[in-house]
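In: turn this into a model:
(chains A, B, C and D)
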Number of protein chains: 4
Amino acid sequence: MGGRIRLGMVGGGNDAFIGGVHRIAARLDDRYELVAGALSSTPEKAQASGAALGLAEDRIYDDFKQMAIREARLKNGIEAVSIVTPNHVHFAAAREFLKRGIHVICDKPLTSTMADARRMVKAVADSEALFFLTHNYTGYPMVRQAREMVAGGDLGKIRVVQVEYPQDWLTKQEDFKQAAWRTDPAQSGAGGSTGDIGTHAHNLACFVSGLTVESLAADIQAFVSGRQLDDNAHVLLRFQGGARGMLWCSQVAPGNENALRLRIYGEKGGLEWEQENPNRLWFSPFGAPKQMITRNGAGAGGAAARMSRIPPGHPEGYLEGFANIYSEAAEAIIAHRTGSKPPADVIYPDIHDGLRGMQFVDACVRSSARNAAWVTLPD
Amino acid sequence: MGGRIRLGMVGGGNDAFIGGVHRIAARLDDRYELVAGALSSTPEKAQASGAALGLAEDRIYDDFKQMAIREARLKNGIEAVSIVTPNHVHFAAAREFLKRGIHVICDKPLTSTMADARRMVKAVADSEALFFLTHNYTGYPMVRQAREMVAGGDLGKIRVVQVEYPQDWLTKQEDFKQAAWRTDPAQSGAGGSTGDIGTHAHNLACFVSGLTVESLAADIQAFVSGRQLDDNAHVLLRFQGGARGMLWCSQVAPGNENALRLRIYGEKGGLEWEQENPNRLWFSPFGAPKQMITRNGAGAGGAAARMSRIPPGHPEGYLEGFANIYSEAAEAIIAHRTGSKPPADVIYPDIHDGLRGMQFVDACVRSSARNAAWVTLPD
Amino acid sequence: MGGRIRLGMVGGGNDAFIGGVHRIAARLDDRYELVAGALSSTPEKAQASGAALGLAEDRIYDDFKQMAIREARLKNGIEAVSIVTPNHVHFAAAREFLKRGIHVICDKPLTSTMADARRMVKAVADSEALFFLTHNYTGYPMVRQAREMVAGGDLGKIRVVQVEYPQDWLTKQEDFKQAAWRTDPAQSGAGGSTGDIGTHAHNLACFVSGLTVESLAADIQAFVSGRQLDDNAHVLLRFQGGARGMLWCSQVAPGNENALRLRIYGEKGGLEWEQENPNRLWFSPFGAPKQMITRNGAGAGGAAARMSRIPPGHPEGYLEGFANIYSEAAEAIIAHRTGSKPPADVIYPDIHDGLRGMQFVDACVRSSARNAAWVTLPD
Amino acid sequence: MGGRIRLGMVGGGNDAFIGGVHRIAARLDDRYELVAGALSSTPEKAQASGAALGLAEDRIYDDFKQMAIREARLKNGIEAVSIVTPNHVHFAAAREFLKRGIHVICDKPLTSTMADARRMVKAVADSEALFFLTHNYTGYPMVRQAREMVAGGDLGKIRVVQVEYPQDWLTKQEDFKQAAWRTDPAQSGAGGSTGDIGTHAHNLACFVSGLTVESLAADIQAFVSGRQLDDNAHVLLRFQGGARGMLWCSQVAPGNENALRLRIYGEKGGLEWEQENPNRLWFSPFGAPKQMITRNGAGAGGAAARMSRIPPGHPEGYLEGFANIYSEAAEAIIAHRTGSKPPADVIYPDIHDGLRGMQFVDACVRSSARNAAWVTLPD
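Out: Modelled structure (predicted):
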């Protein structure tokens, strides 16, 4: 198959959280090899971080642009780059790689501003390279199972979608790095909880239901005194085709760690899934007992099996779900090497999902500013 | 203590559901004796139902007015009456008893129309008799525990209230009696799911949080073709004092039986409670592990203990919670016999809770008609 | 139907726990009327307790024998008596009523000694009256459901039965009344945890599986220093027909309140049930997803429906399960009035179940004394 | 730190399950690089499997002895080898590497026979190389947390240990490869379920409790007709120091996937943990509400934190737990390079754990053959 995909990384220096996650995700299924990095905007940290990861000295860069230029020229330069910086850097970094034909695997949300988001769409359209957005929850096997069941008609026409993503880590005034940039509009964008986790909830609801949000009405709050970005949001959803829903995201709900939860109800049945116990999917055909479908267990279909590594009852978790995004991207990149298409069952979040996420945040902020008036999302 | 309270019943004939529940609730703690009834508007059924319950022949009535008149004159006539008819009869029946000094224990929602609700408020104000509304979920020991903890400051200032009451029994076109009157505006009132179960959710949220809904924005639906009343509702809530919330009620959510669930989050901690497993209350003090407080177990306080009969681990359920409402009413009625007040810890839903429930339904319907605009609730 | 059954009670004075439970159980379905009592062996307490329950003065007795004699002569004397004393009084009390044709509803375990148990068997055999033992867990609807499914072949031939009943209330040296008699061999009998809760676990396993324990090997302990009776027991079970099992009961397992739990596995599937959340039964047909069958929900059969009062999702609990034993007894007693048999689906624990429970305790104690050697139970 | 550890593998060819798990575990934290393999005893399969993994041609071996000899001579030969064959090959393979100073990471159970187990002990004692046994469940963070709490006295003196490992995959006659060798005494050894999963349960109970099994009484069965090895086992345990326990393992319990569960109770509190939802640990201090301690959440200590990669609420699973064993081994191997000792908090299952596991199986088989008589385990 021509060897592992040569991967670079922008951001993800020593004390970052999500960079380490991306590296594990890339490594887990042995489809990638990390060979270059501009791991920090602080040169000393960039060097130290690269050395700690065992990168060759000449492939540790102080600056992502310099990295894009040089890697594009190297015979065995990187084929893909992971961008794991704060949101406001996503576009500037991605652009450099995209225009040199290097595939981009970008953390979410897409960018910090709508203007950047539109520029990113153009940059992707203008490039031959592929673009992947790590809406990692779509990589969970039982999320794939749920999507397959909805698409297969097991629920009938969808009526109601309830999605929520409560956390509690910002209950009090934040005083640590992870919180700092996430609550700074200049780095994070217009959305706080809506951008950081609301986008995940929105993406998950659409991914599984196969539906698009037509309009929304949002009531967003910053409960912690002095906080500039929302830390809680209540959103009414109207989907194309008539389904209705609610979305709640919060960073101030004590007792919730990463309690992303999706419930979908149709004319024939319902589904329920929780991220904190992700190997189970509840299926409730109307008029019959509720069933617990388990990853790789009886009742699970092909879409989940593709994403599973180990027998039922042995839990796979967040890192495996994340790795599935990387492995789907690997399928697409490998196919791209020979100008072919990946197999039809390969699915990954792309630039359009990224744009929709940005539109979701933008609509929440605008709706809330107008006292929760309905805001229509672009088609 | 002067003997059991002599109780009559209006409605609750042979094939009714809620009448039987009221009778068990009244009997469970041995504080009442059912001695008279106008159990159906159909005379034959009234007679048969009364006989089946072992009522004396001369205290089986065909008509509630006749019952009120005669019982008020009897030496040992009823002291209290339970009204368990469809909603549109509540006011007409209650009025007859109230004006004759007979206490009323009325099923919820208060009435079928706002006009009747206002008349009921006046009738109660004009009467010396007491009025109780069976918002039965407030009778659960762990709901009392939650209220006590919020009032005691365990959660700090409340920020977010999430309440939901999904069911699935009306997922398809209904064809049975329980459904028939609940989906008929003439009998049920302007609200379908909002009136039948949304009022419970609203009441529970307010009861535990100690907060009042200031305004709401509702998006209500009737998903089943031809249905005249809402079977699903999504509601944004703003509470006095700044807390925000969401309320979801549904009768078309397959896999949900009576999944009433309340979650409250404050500056210092959170609480979670579910009706289907009601002997447990989750308490999450911020920065410490989540705790499971059990009815009568270590960590449960006096408010829950007052409402408990048996040791922890032995589940009490819906009927015991309902019986607690009756037993609280009994305390008030016994005190009333001697012109005294019940002990300070006696709590029961009253005419004001009933009015607020009606205002909630009215506001939902009006908001939804105006495309989910905010509607302010009367103070 | 000839009116409510006239009931007396022996034991169950003011500060007793189980007496109050029996009274609620008898009252819940309105099939009984408590009219007489010898509620305590202390005359003052007997009088005070009877008065508090509203018994007529001349039907409050200081002594159960006197009560049996007089009630048997009264025109409307009691038809049945509930015996809710400590174990060592069961036989002496029951005998007096049985020999006068008064039905006996007796708490478990049957007696405190094997000798009394054999005398009780004879007393029942010699009497025309009926004998009921309140192995109350067999009254739970989903336990009936489980039994029906096993009998109907849904599990195939049973291979493995795992049953356990852990509690924690005797983790430390006891210093309160409920504990006092339960840890005193003279009042409780040879078994501590084995008698008090092990008998329930044993009975439940046999009731649901339809199997009889052929032999057992027990390792029992008294972990709390100075305790005379076992507070923990580990038992291997061999059932007639080849199934094998384990039984664990404990009163020193912190975090367990009344965590009675049964799991049964056969060639075709498995069942799991927990007393602390009793409205659910897990059914695992081999090769298909696990199903959650709920009381009165889709998938529940006639045996559970007979025992249910309210819709699915509204929890029934311990008191309703206990009441079901009383209601089954009522069916038998009503039939007995006219010399007929109760309907075929009426099931209640009887003298044989009581004897088997005693044999179970006796076998545990004897096995453990012989270093967990196998002890065969009488056929 | 001198670069990644050079790793070889014996067994784990294309269609094996556990080989792939070991490879992911080795890769996850980037401490190892797989550079050589004798992946199958069938040469064609060994070649194909090695090529598929991207091994250099000259480091794909047909035979583990040849691999040991050559790798020991290479300048950059392997430093460690993972042995993931069926049990009966473990010793022969391990011996070749141990005697050449190559560290061995061996799957469990240690060997297929007691004789081989004793030879393995000697081989390890005679070697300068290290020996690791992949009792992978000891790598779960919350298992480490539990062990730390017991050692720290949070439970007081341990009284009762309940451990179980039910599965259902062998409910029917097996007809696939994974099952074939596991039910063949020549390859698997004397224990079926006892060897495959009972050893895990035994190891986990001892690891967390810090206790050693002194004697046991076992009743083992082969329920499926014609099966040569046990598929279900019921075991009574007596620990040194007076604690008592039960162990159940089964491969014929429908509805159980890999339901390993441990419960430990002491004088002061209890702990409960389940493999299928491994990020949670229940702690029940006697006389206080039960607490749910989560991985990396409030209340979790240093032992769990060392083993965690991501924030609380994001589930880590089986592969991460397995990787923790590899990472602990890496710490020891890296220290060994310089003749030093690993940090004091590094813990891994070693040859003694392996021997104890074999003694456990042997004792179960011997006890059961003597009708569940007590068998004392070597000290």
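In: briefly note if stretch A:140-158 comes near chain D.
Out: No. For stretch A:140-158, no contact with chain D is found by Cβ under 8 Å from any Cβ of the partner chain; the gap never falls below 9.8 Å. All C-beta atoms are positioned from the backbone trio N, CA, C, and that covers glycine.
In: for that stretch, measure first residue to last.
Out: 21 Å (Cα to Cα, to the nearest Å).
In: average pLDDT for that stretch?
Out: Averaging pLDDT along stretch A:140-158 gives 98.
In: how far is that stretch from where the chain is centred?
Out: Its chain's C-alpha centre lies 19 Å from the corresponding centre of stretch A:140-158 when counted by Cα atoms, centre = their mean, to the nearest Å.
In: and that stretch, which residues are buried?
Out: A:140-150, A:154-156, A:158 (16 or more other Cβ atoms under 10 Å in any protein chain shown).
In: tally of neighbours for the residue lying closest to A:Asn76 once chain neighbours are set aside?
Out: Sequence neighbours aside, A:Arg6 is the residue nearest to A:Asn76 in space, at 6.3 Å (criterion: Cβ to Cβ, 6 or more residues apart in numbering or on different chains). Using other Cβ atoms under 10 Å in any protein chain shown, A:Arg6 has 19 other residues around it.
In: A:Thr338 too?
Out: Number of residues near A:Thr338 (other Cβ under 10 Å) recorded here: 8.
In: quick revisit: now go through the buried residues of stretch A:140-158 and say which are in strands.
Out: Judged by DSSP state E, these include A:Ile158 as members of strands.
In: in helices only, show me the buried residues of stretch A:140-158.
Out: A:141-150 (DSSP state H).
In: roughly how far does A:Asp350 sit from chain C?
Out: Separation of A:Asp350 from chain C (Cβ to the nearest Cβ, to the nearest Å) stands at 32 Å.
In: can you give me the domain boundaries for chain A?
Out: A:5-129, A:138-310+A:355-376 (automatic domain parsing).
In: can I get these in a markdown table including distance to D:Arg95?
Out: Formatted as a markdown table, the domains of chain A follow (distance: least, Cβ to Cβ, whole Å):
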| stretch | distance to D:Arg95 |
| --- | --- |
| domain A:5-129 | 30 |
| domain A:138-310+A:355-376 | 30 |
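In: close to chain D: what parts of the stretch 1-150 of chain A are there?
Out: Counting by Cβ under 8 Å from any Cβ, the residues of the stretch 1-150 of chain A near chain D are A:3-4, A:17, A:20-21, A:23-24, A:27-30, A:53-54.
In: could you export those as a markdown table, including pLDDT?
Out: What follows is these, written out as a markdown table (pLDDT from 0 to 100):
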| residue | pLDDT |
| --- | --- |
| A:Gly3 | 85 |
| A:Arg4 | 94 |
| A:Phe17 | 84 |
| A:Gly20 | 95 |
| A:Val21 | 97 |
| A:Arg23 | 97 |
| A:Ile24 | 97 |
| A:Arg27 | 97 |
| A:Leu28 | 97 |
| A:Asp29 | 96 |
| A:Asp30 | 95 |
| A:Leu53 | 94 |
| A:Gly54 | 93 |
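In: out of those, which end up buried?
Out: By 16+ other Cβ under 10 Å, these give A:4, A:20-21, A:23-24, A:27-30, A:53 as buried.
In: which of those fall within helices?
Out: Per DSSP H, the subset of these in helices is A:20-21, A:23-24, A:27-28.
In: of those residues, just say which sits nearest to D:Arg280.
Out: A:Val21 (21.0 Å; Cβ to Cβ).
In: what helix or strand is the spatially closest residue to the closest one that is not a sequence neighbour located in?
Out: Distances taken as Cβ to Cβ, 6+ apart put A:Phe322 closest to A:Val21, at 6.0 Å, once the chain neighbours are dropped. Element membership for A:Phe322, per DSSP states H and E: helix A:318-337.
In: which elements pack onto the following helix or strand past that helix?
Out: Using DSSP H and E, the helix or strand that directly follows helix A:318-337 along the chain is helix A:351-369. Using 3 or more Cβ pairs under 8 Å, 6 or more residues apart in numbering or on different chains; DSSP states H and E, the elements in contact with helix A:351-369 are helix A:114-126, strand A:131-133, helix A:199-209, strand A:213-221, strand A:232-239, strand A:375-376.
In: can you give the strand pairings for the strand or helix carrying the residue nearest to A:Asn76, parallel or anti for each?
Out: A:Arg6 belongs to strand A:5-10 when assigned by DSSP H and E. Using DSSP bridges, strand A:5-10 pairs in its sheet with strand A:32-38 (parallel), strand A:80-83 (parallel).
In: coming back round to it: tell me the contacts of the residue nearest to A:Asn76?
Out: A:32-33, A:35-36, A:76-80 (Cβ atoms under 8 Å, 6 or more residues apart in numbering or on different chains).
In: want to try CSV for those, with pLDDT as columns?
Out: Shown next, in CSV, are the contacts of A:Arg6 (pLDDT from 0 to 100):
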residue, pLDDT
A:Tyr32, 97
A:Glu33, 96
A:Val35, 97
A:Ala36, 98
A:Asn76, 95
A:Gly77, 97
A:Ile78, 98
A:Glu79, 98
A:Ala80, 98
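In: restricted to buried residues, select those residues in PyMOL.
Out: Buried residues among the contacts of A:Arg6 (16+ other Cβ under 10 Å), as a PyMOL selection:
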select buried, chain A and resi 32+35+36+77+78+79+80
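In: and the contacts of A:Arg6, which is closest to chain C?
Out: A:Tyr32 (34.9 Å; Cβ to the nearest Cβ).
In: nearest residue to the closest one other than its sequence neighbours?
Out: A:Tyr32 sits nearest to A:Ala26 (Cβ to Cβ, 6+ apart), 4.1 Å away.
In: quick one: contacts for the one you found?
Out: A:7, A:32, A:34, A:82, A:323, A:326.
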